[in-house]
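Trainee: Here is my input; please provide its structure:
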Amino acid sequence: MTQPPSNDNSPWQSRPLGGPDEGVESAAQWSQPRPREASAFPTSPAPVGQPTSPTVPTAQPPTAQYGAYSGAPTAAYPPMTQNVTPAPKQGGKKAALAAGAVALALVSGGVGGVVGANVDRTDTPAAVGGDRHGDGQPQAQPPAPAGSVQEVAARVLPSVVSIAVRVGDQGGEGSGVVLDADGTILTNNHVIAGGGRAVGERRPAITVIFHDGSRATAQLRGADPISDIAVIQVKDHPGLKPINVGSSKNLAVGQDVIAIGSPLGLAGTVTTGIISALNRPVSTSRIGDNTSVIDAIQTDAAINPGNSGGALVNARGALIGINTAIATMGGQDSNGNQRATGSIGLGFAIPIDQAMRVADQLRRTGKAEHPSLGVSVGPASTTDPTQSGARVTKIVPNGAAAAAGIPDGAVIHRFGGRKITGADDLVAAVRSFAPGDVVDIEYAAGGKTTTAKVTLKTLSTN
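Mentor: Now for the predicted structure:
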């Protein structure tokens with residue numbers, strides 16, 4: 001999609017909201033900072049524990065509805081109109097986006113994608129300016145003002161790490177954030193997958209590189225492809241500096257943000273920008289019958305392959321998001337996979353409240369639970385692109401929607417106070433809640449509009 005997911009005017013196929021896949025087609029492609037392989041998702045009806053949404057081919061760097069993961073290769077899914085999400089390498093339609101061919105890619109970096117080794121150097125350093133004393137000695141820089149980018153970066157950099165992963169013959173690079181002094185590190189699932197969509201039977205070999213240059217081997221605590229969150233841990237590593245975890249609850253468009261990670265292997269890279277939009281449904285990958293759709297924070301801070309799993313912090317240095325995907329202007333390679341071209345100012349991060357909810361579950365049990373609405377959905381109309389909403393195409397027996405009396409064919413317009421313009425919006429909205437939450441839902445059926453309360457159930461991943 002040209003813009004992160006806008007579900008209006010997009011040719012989507014029905015998707016399950018109980019949890020099955022959600023796919024959308026569009027010319028825009030998105031990527032996520034991850035290992036350098038991306039692909040598009042095939043669209044198909046999916047059940048909705050959460051509504052399904054359109055997906056877009058992902059490039060190697062970022063993938064998602066906006067791109068592909070940049071830490072590991074991803075499978076291709078069909079792109080969606082207006083809203084694009086990354087998808088595994090399966091066939092799917094592509095819809096034209098008004099803004100042109102934008103590719104969504106994950107932002108993890110592939111092995112061999114490191115740029116540092118190719119930087120030209122000269123034998124004699126050149127002077128680069130700066131005030132000097134009369135004796136020719138450079139003056140010391142004044143202390144950074146509190147709250148400045150320089151001051152925030154100095155505090156946060158020690159809490160952000162680089163991650164190198166090898167799974168079988170696949171490898172990737174990404175970033176992560178230190179959560180506690182015990183060595184718990186939060187990152188993206190697609191980074192830990194080493195280029196794949198899920199860890200599966202093969203256990204990844206994970207190396208963590210800290211800001212001071214020291215290294216340690218990490219063990220996987222838990223990984224969740226649906227939320228694209230993973231937790232790893234290093235043992236007995238001295239001097240760890242946990243990041244200050246903030247909240248994504250009261251964010252505002254226009255708010256200053258700072259992104260920190262290891263794009264293209266360049267550890268400790270700091271970029272700045274603002275929050276460009278909130279609640280962007282971004283589809284990053286397809287896992288079995290389920291599609292990973294995140295309710296993303298959109299930012300214009302530069303994010304590139306290798307940034308996946310890194311920190312998005314506010315002006316106080318508090319962690320508000322996990323950098324995950326970017327939209328890039330890209331085409332396709334000879335294999336039909338999306339090719340990303342780097343940041344174009346459209347980056348996407350998983351809100352930290354959602355990321356921490358999953359991370360806490362992974363730390364406790366190694367698994368994560370997700371909410372389910374118990375429906376499959378599609379576009380509001382297959383003939384009139386001006387109609388918005390998500391049409392229910394299937395009701396899951398004994399599911400949340402069935403219990404609330406929502407009929408087959410109903411068009412959902414609002415969920416949890418949010419306007420629903422298409423399938424991706426509904427999927428992202430549902431996944432922003434937790435199983436057991438009671439949510440207001442507004443839908444049209446039989447010529448009238450009804451408001452009801454629905455109690456979300458737990459998504460079955462069998």
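Trainee: Dihedrals phi and psi, Ile320?
Mentor: phi -120, psi -10 (degrees, to the nearest 10).
Trainee: Which element, helix or strand, includes Thr450?
Mentor: Here Thr450 sits within strand 448-455, counting by DSSP states H and E.
Trainee: Could you name the helices and strands sitting against that strand?
Mentor: Contacting strand 448-455 under the criterion 3 or more C-beta pairs under 8 Å, 6 or more residues apart in numbering; DSSP states H and E are the following elements: helix 400-403, strand 438-445. Backbone N, C-alpha and C define where each C-beta goes, glycine included.
Trainee: Strand partners (parallel or antiparallel) of that strand?
Mentor: Its sheet considered, strand 448-455 pairs with strand 438-445 (antiparallel) by DSSP bridges.
Trainee: which non-adjacent residue is nearest Ile322?
Mentor: Distances taken as C-beta to C-beta, 6 or more residues apart in numbering place Ile350 nearest to Ile322, at 4.5 Å, with adjacent residues excluded.
Trainee: quick one: that neighbour and Gly321 touch, right?
Mentor: Yes: the criterion here is C-beta atoms under 8 Å, and Ile350 meets it with Gly321 at 6.1 Å.
Trainee: Give me the common contacts of those two.
Mentor: Both Ile350 and Gly321 are in contact with Ile297, where contact means C-beta atoms under 8 Å, 6 or more residues apart in numbering.
Trainee: ok, back up a step: next SSE downstream of the strand holding Thr450?
Mentor: With DSSP H and E, the next secondary element past strand 448-455 is strand 457-458.
Trainee: contacts for that next one?
Mentor: Gly49, Glu369, His370, Pro371, Ser372, Gly374, Gly399, Ala400, Pro435.
Trainee: Among those, which lie within strands?
Mentor: Pro371, Ser372 (DSSP state E).
Trainee: from the contacts of strand 457-458, which is closest to Leu179?
Mentor: Glu369 (19.9 Å; C-beta to C-beta).
Trainee: How many residues are close by the closest one?
Mentor: Neighbours of Glu369 under the rule other C-beta atoms under 10 Å: 17.
Trainee: do the same with Ala349
Mentor: Ala349 is flanked by 33 other residues according to other C-beta under 10 Å.
Trainee: I'd guessed it sits against Asn314; true?
Mentor: No: Ala349 is beyond contact range of Asn314, at 11.6 Å (criterion: C-beta under 8 Å).
Trainee: what touches both of those two?
Mentor: In contact with both Ala349 and Asn314: Ile320, using C-beta under 8 Å, 6+ apart.
Trainee: And the helices in the stretch 101-250 of the chain?
Mentor: Taking DSSP state H, counting those that start in this stretch, the helices of the stretch 101-250 of the chain run over residues 149-156, 189-192.
Trainee: got those as JSON lines, with mean neighbour count and distance to Asp180 columns?
Mentor: Formatted as JSON lines, those follow (neighbours: other C-beta atoms under 10 Å; distance: least, C-beta to C-beta, whole Å):
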{"stretch": "helix 149-156", "mean neighbour count": "16", "distance to Asp180": "16"}
{"stretch": "helix 189-192", "mean neighbour count": "38", "distance to Asp180": "18"}
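Trainee: hang on, isn't Gly147 packed against Ala315?
Mentor: Yes: between Gly147 and Ala315 there is a contact under C-beta under 8 Å: 6.0 Å.
Trainee: which helix is the longest one in the chain?
Mentor: When the chain is scanned for its longest helix (criterion: DSSP state H), the result is helix 352-365.
Trainee: what about Leu426, which helix or strand?
Mentor: Using DSSP H and E, Leu426 falls in helix 423-431.
Trainee: Mean confidence (pLDDT) on stretch 369-382, please.
Mentor: Over the span of stretch 369-382, the pLDDT mean works out to 91.
Trainee: Which positions in it come out as buried?
Mentor: Residues Glu369, His370, Pro371, Ser372, Leu373, Gly374, Val375, Ser376, Val377, Gly378, Pro379, Ala380 are the ones in stretch 369-382 that count as buried (16 or more other C-beta atoms under 10 Å).
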